[in-house]
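In: dropping a prediction and its sequence here:
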Amino acid sequence: MKLTWLGHSCILLTGTSCVLVDPFIGDGIPVEENPDIVAVTHGHADHFGDTLRLAKKTVAINEIAKYLKNRGIPAEGMNIGGTIEVEGVRFTMTPAVHSAWFESAAPGYCGGVAAGYVIAMDGKRIYHAGDTALFSDMKLIGQLYDPDVALLPIGGRFTMGPDEAMMAAQFIGAPLVIPIHYNTWPKISQDPSSFKRAIERTTDLKVTILAPGESIEL
Ligand code: NI
Ligand code: MN
């Protein structure tokens with residue numbers, strides 16, 4: 001499976017199926033393929049992004065799924081703690097500690113709650129934390145789903161910063177950590193290389209820093 005970071009929280013997984021998570025795509029970064037499935041972690045515009053334009057099929061929390069279905073986009077609604085299988089890909093919706101105003105719908109429109117996903121495809125499990133604070137139940141995500149990769153926000157201000165994400169990485173225990181949700185704007189400016197050094201100095205975990213548009217093979 002190939003994992004591509006398209007900037008901010010947007011991740012493209014290419015394998016048996018092509019899954020795009022949180023399609024808020026950085027300027028000038030091409031989306032090479034038509035995704036089979038778009039998964040949305042929560043309603044904030046920097047995550048819902050281009051869902052209406054790109055989605056053939058979506059996975060989202062019930063409140064967002066209902067909105068999408070009303071606009072003619074096929075949507076698989078689910079909720080925190082549940083697992084569904086769509087076109088051979090398993091999506092488990094995990095908690096996130098964050099707000100969930102659905103900006104694209106209307107001012108104050110309820111987007112349910114914020115979430116993350118464990119996505120299982122082609123024998124690999126990817127944990128995309130969405131936007132979240134650190135929470136100790138991340139240990140359960142590690143124990144239950146044993147992810148191969150953890151995509152963790154490190155930008156601070158709206159989510160965990162590097163110190164909290166370092167503890168999150170240890171709670172989850174995925175051997176590979178990829179930082180996301182940083183340096184999109186000055187308010188979430190961080191140095192990912194110091195995050196990488198701090199984790200790799202004190203744990204057995206590895207951190208891969210991707211450039212927007214860059215891929216790795218898992
Ligand atoms: Ni958010
Ligand atoms: Mn965000």
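Out: Thanks, I have it. Ligands and ions are numbered 1, 2, ... in the order given.
In: could you use CA atoms for every contact and neighbour count after this?
Out: Fine.
In: what helices and strands are in contact with the helix or strand bottoming out on mean pLDDT in the chain?
Out: One helix or strand of the chain scores below all others by mean pLDDT, DSSP states H and E: helix 51-54, with a mean of 92. Here helix 51-54 touches no other helix or strand, going by 3 or more CA pairs under 8 Å, 6 or more residues apart in numbering; DSSP states H and E.
In: helix or strand next in line after that helix, which one?
Out: Following helix 51-54 in sequence order, the next helix or strand is strand 58-61 (DSSP states H and E).
In: what about that next one, distance to the chain center?
Out: Here the centre of strand 58-61 is set off from its chain's centre by 12 Å, with CA atoms, centre = their mean, to the nearest Å.
In: how about P162, what does it touch?
Out: Neighbouring residues of P162 by CA atoms under 8 Å, 6 or more residues apart in numbering: 154-156, 190, 195.
In: just those residues now: which is nearest E164?
Out: E164 has its nearest neighbour among the contacts of P162 in I154, at 8.0 Å by CA to CA.
In: quick check, pLDDT for the most centrally placed residue in the chain.
Out: Computing the C-alpha centroid of the chain and ranking residues by CA atoms, centre = their mean puts H128 first, at 3.5 Å. What the model reports as pLDDT for H128 is 99.
In: correct me, but it touches P153?
Out: No: judged on CA atoms under 8 Å, H128 makes no contact with P153 at a distance of 9.0 Å.
In: relative to L6, how far out is the residue nearest to the centre of the chain?
Out: For H128, the distance to L6 equals 14 Å [CA to CA, to the nearest Å].
In: again with F158
Out: F158 is 20 Å from L6, by CA to CA.
In: these two: who's more crowded?
Out: Taking neighbours as other CA atoms under 10 Å, F158 and L6 compare with L6 leading, 28 against 16.
In: that one: what's it in contact with?
Out: Listed by CA under 8 Å, 6+ apart, the contact set of L6 reads 12, 25-26, 29, 31, 212-214.
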